[in-house]
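K.L.:
pasting the structure only:
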């Protein structure tokens, strides 16, 4: 947490303390020196919370003379005082309050890890004004001594840029030292091939390529017959992709006539026939439904689609479509 607070005493010779009960700084106690402090994730707060549930400017605590008041600054998750959700509330010694998911206690500390919440003021000699204590290069909070004059180490402020850069620099140096020790071991495993070894690999690659070419020749994939068959297959596949299944069937059949073992032509011929049968069945069903409802013009259109899809094949679907078209012609001719 950040402890850069503006200075203001609550009462003469008295101390107002906040004890952190959860989070990264659990157990740390802050001594408040300001009439107003703010808490949140933003760096410009008096107490910066490393809490994802805290808002950027979550809450403030004010000294209103006879009492301290905590106020929600419009945070997303609100504040709680003694397990009650509030927008503002008085704080009394011993009260527990929560900002985000960080729980704190207002009042006397339960731990001796005490830290000033703002740089303390040096006491001036009689007759001279008080002089602020100069900031350290790291801008870390000054240690506070308990009534028993217990001296504690300074709290390092990891939010400070100088401290952070110093720590990151140390980590980088440590990594470079480790890599410098590992590097030679890895280089020992590298072997540079001579001309004889390179020529051997070239010969092996040539031999492998020749074997693959022999396999292609044995399968007939380099013959003119296969190339022509594959051209028909490519045209058929384009028709299949566009939904022109009668034409795709014609091209796949031509490809198989030239090269019967073409695997893709055979596979897509079967798929084209299935798709075509689905279209014929759907058109015939629509035609029959329109015929039953005496919607003869619509029925004629569907039956003609069936004849177009079946082509020259005299399938049962095509035969039924022809008979229905003849019946519609007679009905419309007689008017009934």
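P.N.:
Right, received. Where do you want to start? Because the structure is predicted, anything quoted here is derived from the model rather than measured. Numbering: from 1, shown residues only.
K.L.:
Against residue 101, how distant is residue 72?
P.N.:
Residue 72 sits 15 Å away from residue 101, going by C-beta to C-beta, to the nearest Å. (Each C-beta comes from the backbone N, C-alpha and C, glycine too.)
K.L.:
Neighbour count for those two, which is higher?
P.N.:
Neighbour tally, residue 72 and residue 101, criterion other C-beta atoms under 10 Å: the higher count belongs to residue 72, 19 against 13.
K.L.:
Which residue ranges of the stretch 1-150 of the chain form strands?
P.N.:
In the stretch 1-150 of the chain, the strands defined using DSSP state E, counting those that start in this stretch lie at 16-20, 29-32, 36-40, 47-48, 59-63, 68-72, 79-81, 84-86, 88-91, 95-99, 102-106, 114-116, 121-122, 131-132.
K.L.:
and of these, who's closest to residue 326?
P.N.:
strand 84-86 (82.2 Å; C-beta to C-beta).
K.L.:
State the paired neighbours of that closest one in the sheet, together with their directions.
P.N.:
Sheet pairing of strand 84-86 (DSSP bridges) gives strand 79-81 (antiparallel).
K.L.:
Poorly predicted segments of the stretch 101-250 of the chain, please.
P.N.:
For the stretch 101-250 of the chain, residues meeting the criterion pLDDT under 70 lie at 108-171, 174-193, 210-222.
K.L.:
switch the cut-off to 50
P.N.:
Across the stretch 101-250 of the chain, the ranges flagged by pLDDT under 50 are 110-156, 183-190.
K.L.:
Just put the strands of the stretch 1-150 of the chain in CSV and tack on distance to residue 329.
P.N.:
Listed next are the strands of the stretch 1-150 of the chain as CSV, based on distance: least, C-beta to C-beta, whole Å:
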stretch, distance to residue 329
strand 16-20, 94
strand 29-32, 98
strand 36-40, 85
strand 47-48, 89
strand 59-63, 87
strand 68-72, 84
strand 79-81, 85
strand 84-86, 82
strand 88-91, 89
strand 95-99, 86
strand 102-106, 87
strand 114-116, 101
strand 121-122, 110
strand 131-132, 109
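K.L.:
mean pLDDT for those strands: which is lowest?
P.N.:
Among these, strand 121-122 carries the lowest mean pLDDT, a mean of 36.
K.L.:
Against which helices or strands is the helix or strand where residue 288 lies packed?
P.N.:
Following DSSP states H and E, one finds residue 288 within helix 263-292. When contacts are defined as 3 or more C-beta pairs under 8 Å, 6 or more residues apart in numbering; DSSP states H and E, helix 263-292 packs onto helix 224-242, helix 245-258, helix 296-310, helix 316-334.
K.L.:
Could you give me the buried positions within the first one?
P.N.:
Residues 226, 229-230, 232-233, 235-237, 239-240 are the ones in helix 224-242 that count as buried (16 or more other C-beta atoms under 10 Å).
K.L.:
what does stretch 26-46 give?
P.N.:
Of the residues in stretch 26-46, those buried (16+ other C-beta under 10 Å) are 28-41, 45-46.
K.L.:
Can I get the helices and strands packed on helix 263-292 in JSON lines including distance to residue 206?
P.N.:
Output for the helices and strands packed on helix 263-292, formatted as JSON lines (distance: least, C-beta to C-beta, whole Å):
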{"stretch": "helix 224-242", "distance to residue 206": "25"}
{"stretch": "helix 245-258", "distance to residue 206": "33"}
{"stretch": "helix 296-310", "distance to residue 206": "54"}
{"stretch": "helix 316-334", "distance to residue 206": "59"}
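K.L.:
Quick one, which of those gets closest to residue 50.
P.N.:
Going by C-beta to C-beta, the one of those nearest residue 50 is helix 224-242, 56.8 Å.
K.L.:
what comes into contact with the closest one?
P.N.:
With C-beta atoms under 8 Å, 6 or more residues apart in numbering as the test, helix 224-242 has contacts from 220, 245, 247-252, 254-256, 258-259, 262, 264-265, 268-269, 271-272, 275.
K.L.:
again with stretch 61-79
P.N.:
By C-beta under 8 Å, 6+ apart, the list of residues contacting stretch 61-79 reads 8, 10, 16, 18, 32, 34-40, 53-55, 57-60, 81, 85-92, 97-100, 106.
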